[in-house]
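Novice: here are the coordinates; sequence isn't available:
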Ligand code: CO
């Protein structure tokens with residue numbers, strides 16, 4: 001089911017999401033809704049808080065060579081911890097909660113995370129490229145952080161101005 005996405009500057013996006021302790025049908029439904037919503041809005045990643053569920057769950061699906069986001073290719077990341085990171089890369093990011101705005105953000109080039117899947121099974125993943133960027137962006141969401149917070153003061157002001165203007169239209 002496609003659910004409404006919380007938009008900046010909704011205060012709920014600023015809160016730290018809670019650890020998931022129950023791996024039941026409800027969690028499965030939430031994760032399915034996250035994927036449906038993300039694909040509908042043409043995103044590559046989404047955090048549960050963005051559809052109003054403040055729990056530590058992330059769904060990522062990098063489009064394949066045909067530009068498709070098949071359900072079986074999705075990666076579900078629950079209660080993640082980053083245990084290693086290296087390098088640095090400037091990446092133009094966007095966010096489903098801040099539509100039609102992109103700006104460069106400095107991120108680690110490679111990351112490794114430990115997490116659990118929807119069944120509560122322990123997993124780990126090493127990532128680079130877009131997947132590594134998406135992981136860092138989505139983990140920030142779990143901690144109540146949005147990518148615009150990385151912008152310089154000048155760029156942030158420019159963003160706030162453009163954002164207010166675009167909301168009026
Ligand atoms: Co985002």
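Specialist: Sure thing, it's come through. Bear in mind that the values here come from a model prediction, so they are computed numbers and not experimental data.
Novice: what's around the nearest residue to residue 139 once chain neighbours are set aside, how many residues?
Specialist: What sits nearest to residue 139 in space, not counting adjacent residues and going by C-beta to C-beta, 6 or more residues apart in numbering, is residue 80, at 5.8 Å. For every residue, glycine as well, the C-beta is placed using N, CA and C. Residue 80: 21 surrounding residues under other C-beta atoms under 10 Å.
Novice: Please enumerate residues in contact with the helix or strand hosting residue 80?
Specialist: Counting by DSSP states H and E, the element that carries residue 80 is strand 75-86. Strand 75-86 is contacted by residues 19-20, 27, 31, 56-61, 108-118, 124-125, 131, 135-136, 138-139, 142 when judged by C-beta atoms under 8 Å, 6 or more residues apart in numbering.
Novice: ok, now stretch 5-14?
Specialist: Contacts for stretch 5-14 (C-beta under 8 Å, 6+ apart): 37, 41, 46, 49-52, 54, 95-99, 141, 144, 146, 148, 163.
Novice: same thing but 10 Å
Specialist: With contacts defined as C-beta atoms under 10 Å, 6 or more residues apart in numbering, stretch 5-14 is touched by 37-38, 40-41, 43, 46-47, 49-54, 95-99, 101, 141, 143-146, 148-149, 159-160, 163-164, 167.
Novice: all strands for this structure, in order.
Specialist: 45-47, 57-60, 75-86, 89-95, 98-107, 110-116, 122-128 (DSSP state E).
Novice: Make TSV out of the ones you listed and add mean pLDDT and distance to residue 68.
Specialist: Shown next, in TSV, are the strands of the chain (pLDDT from 0 to 100; distance: least, C-beta to C-beta, whole Å):
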stretch	mean pLDDT	distance to residue 68
strand 45-47	98	16
strand 57-60	98	15
strand 75-86	98	15
strand 89-95	97	19
strand 98-107	96	21
strand 110-116	98	25
strand 122-128	98	20
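Novice: between those strands, which one is nearest to residue 3?
Specialist: strand 45-47 (10.1 Å; C-beta to C-beta).
Novice: Does anything pack onto the closest one? Which helices or strands?
Specialist: With contacts taken as 3 or more C-beta pairs under 10 Å, 6 or more residues apart in numbering; DSSP states H and E, strand 45-47 sits against helix 25-40, strand 57-60, strand 75-86, strand 89-95, helix 129-142.
Novice: Apply 7 Å and report the result again.
Specialist: helix 25-40, strand 57-60, helix 129-142 (3 or more C-beta pairs under 7 Å, 6 or more residues apart in numbering; DSSP states H and E).
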